[in-house]
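Engineer: build me a model:
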Amino acid sequence: MNPFNPRKLHLSKWTATTPVNREKHFIVTKLLCDEQGTPLQVELQAVHSGRSELLDWQVLRDSSHWIMGWK
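Structural biologist: Below is the predicted model:
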């Protein structure tokens, strides 16, 4: 489990443990929150291709799929 503060995810860097389409390194470009400021989703952008996708922020806690930082 990756411990982190969900409110500080904006512009954080992540490495996928199983790259798809040579996309291994990602950066959080957007943090989507509800009215109370509770994070709901993050927008991850692949550094290699520039492709973006929305994910539930809690997916990043799974250390078998995501590593904090660029490795």
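Engineer: what is the burial count for residue 42?
Structural biologist: 24 (other C-beta atoms under 10 Å). (Each C-beta comes from the backbone N, C-alpha and C, glycine too.)
Engineer: need the pLDDT of it.
Structural biologist: As summarised for this prediction, residue 42 has a pLDDT of 97.
Engineer: packing partners for the helix or strand it falls within?
Structural biologist: For residue 42, the host element (DSSP states H and E) is strand 39-46. Contact here means 3 or more C-beta pairs under 8 Å, 6 or more residues apart in numbering; DSSP states H and E; on that basis strand 39-46 packs against strand 23-33, strand 52-56.
Engineer: switch to 10 Å and redo it
Structural biologist: Applying 3 or more C-beta pairs under 10 Å, 6 or more residues apart in numbering; DSSP states H and E, one finds that strand 39-46 contacts strand 13-20, strand 23-33, strand 52-56.
Engineer: residues contacting residue 66?
Structural biologist: Residues counted as contacts of residue 66 (C-beta atoms under 10 Å, 6 or more residues apart in numbering) are 2, 14, 15, 16, 17, 26, 44, 55, 59, 60.
Engineer: that'll do, ta.
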